[in-house]
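following is a predicted model, sequence given first.
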Amino acid sequence: MLTLDHTMMRVEDLEASIEWYQTYLDYEEKSRWEADTFTNVFLGPEDVHDEGALLELTYNHDGRAYTMGDSWGHIAVRVEDVYDAYEELMDEGVEDYRDPDSCGGSYAFVTDPDGHEIEIVERDHGAKWSLDHTMLRVEDADEAIGWYTRKLDYEMFRRSEHDSFALYFLKPEGAADEAMSVELTYNYDGRSYEMGDAWGHVAVSTDDLHETWDELLTRGAEDYRDPESCDDRYAFTKDPDGHEIEIVTN
């Protein structure tokens, strides 16, 4: 089962980003990887579920800036009451972005220091502020849904059709409620999207990297960065819209 392991974002000030997530979402640092040219920091709630996903912040040491693009949408975090949670964030000094009233009363949005959008959703499961889903925009809904179901064995467990767009939520069959899902957003107007580089990838976890990689290639997944090119530590493929999918071992 290829459970979603983490979502990676690139940040321009690592310490400011860590402080923001620790201060406002009560995240703690779970692990860190220091390399010569970059640093990866993994964050999540103290009581994150065994199948829960983490947030990976990537900081490149060369001081580069990033473009947000619109192919990636947001991450979503869980709370019991969206109004209480949004008011709590406002009281603590988070910038007012999209309050619950402006979103029909069922969700809200804030942004982190780099402008990544964070949706606040009401759930009756999962630790407070834990990752509920990552939203990706797609240009062909049928093709994208087919890719995640065929390549990753994901199933659609929720869908929402509207006048101008549709939302499709997918994750592995049998995954815990607390596991993160992927939300595919399809706009009916046929628009195309820019990838940008402020978002990096979503990662799925497996017990056997090479076996999973071989199975993905058998199913027609793109051979983008194979395990050997990544020192046999991880690998990457891409979905039909170019979103990078990392494969990591449990």
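Sure thing, it's come through.

average pLDDT for stretch 182-194?
The pLDDT scores in stretch 182-194 average 97.

again with stretch 239-250
97.

buried residues in that stretch?
Across stretch 239-250, burial judged by 16 or more other C-beta atoms under 10 Å covers Asp239, Asp241, His243, Glu244, Ile245, Glu246, Ile247, Val248. Quick note: C-beta positions are derived from backbone N, CA and C, even for glycine.

give me the element the residue lying farthest from the centre of the chain is part of.
Most distant residue from the mean C-alpha position of the chain: Asp91, 26.3 Å away (C-alpha atoms, centre = their mean). Applying DSSP states H and E as the criterion places Asp91 in helix 82-92.

just the strands in the protein please.
4-10, 27-34, 38-45, 54-60, 72-79, 107-111, 117-122, 131-138, 154-161, 165-172, 181-187, 199-206, 234-238, 244-249 (DSSP state E).

just checking, what packs against the fourth one?
When you say that, I think you mean strand 54-60. With contacts taken as 3 or more C-beta pairs under 8 Å, 6 or more residues apart in numbering; DSSP states H and E, strand 54-60 sits against strand 4-10, helix 14-24, strand 38-45, strand 199-206.

so which of the ones you listed gets nearest Asn187?
strand 199-206 (18.0 Å; C-beta to C-beta).

the closest one packs against which elements?
With contacts taken as 3+ C-beta pairs under 8 Å, 6+ apart, strand 199-206 sits against strand 4-10, strand 54-60, strand 244-249.

in its sheet, which strands sit next to the first one, and in what direction?
Paired neighbours of strand 4-10 in the sheet (DSSP bridges): strand 54-60 (parallel), strand 199-206 (antiparallel).

contact partners of that strand?
Strand 4-10 has contacts (C-beta atoms under 8 Å, 6 or more residues apart in numbering) with 40, 42, 53-60, 66, 75, 112, 114, 116, 131, 134, 171, 179-182, 197-205, 246, 248.

that strand: how far from the chain's middle?
5 Å (C-alpha atoms, centre = their mean, to the nearest Å).

that one vs strand 72-79, what angle?
Taking axes from the mean of the first three to the mean of the last three C-alpha atoms, to 10 degrees, one finds strand 4-10 and strand 72-79 inclined to each other by 120 degrees.
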